[in-house]
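# pasting the structure only:
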């Protein structure tokens, strides 16, 4: 979800048959990609957005998430990774930590 020059870095560390789904690109909508890596390791790079979809389609998708994904969350099979929790008064500190983590990921 980063975009820009990060896409090339994401592709460089993917295993064969790996997939990247782009849903946003805060680091920019353009980047340079090594298509040889995509072909050699049979990678999939795709994108999706909800903005252009009508309300009925969004409702169908939400229903499918509720039926197929939410039970995995409730049962504990699928768990979000939470690195830290901050009180609202420390939102600035949380954002600075997130920026550091993003910048660190960009350097791999």
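Done, it's in. It should be emphasised that the depicted structure is a prediction, and the values quoted were computed from it without experimental measurement.
# CA atoms for contacts and neighbours, from now on please.
Will do.
# Next SSE downstream of the helix or strand where residue 57 lies?
Assigned by DSSP states H and E, residue 57 belongs to helix 55-64. Tracing the chain C-terminally past helix 55-64 and defining elements by DSSP H and E, one meets helix 70-75 next.
# Summarise which helices and strands that following helix is packed against.
Counting contacts by 3 or more Cα pairs under 8 Å, 6 or more residues apart in numbering; DSSP states H and E, helix 70-75 packs against no other helix or strand.
# Need the contact partners of that helix.
78, 79 (Cα atoms under 8 Å, 6 or more residues apart in numbering).
# Same check on stretch 22-35?
Contacts for stretch 22-35 (Cα under 8 Å, 6+ apart): 1-8, 45-49.
# for those, which one is nearest residue 76?
When these are compared for distance to residue 76 (Cα to Cα), residue 1 wins out at 24.4 Å.
# how far does stretch 76-95 stretch from start to finish?
27 Å (Cα to Cα, to the nearest Å).
# which outside residues touch that stretch?
With Cα under 8 Å, 6+ apart as the test, stretch 76-95 has contacts from 72, 73.
# mind listing what's buried in it?
For stretch 76-95, the buried set under the neighbour-count rule, 16 or more other Cα atoms under 10 Å, comprises residue 94.
# Let me see the mean pLDDT of that stretch.
Stretch 76-95 carries an average pLDDT of 89.
# what about the helices in the chain?
Listed in chain order, the helices of the chain (DSSP state H) span 6-12, 35-40, 55-64, 70-75, 91-106.
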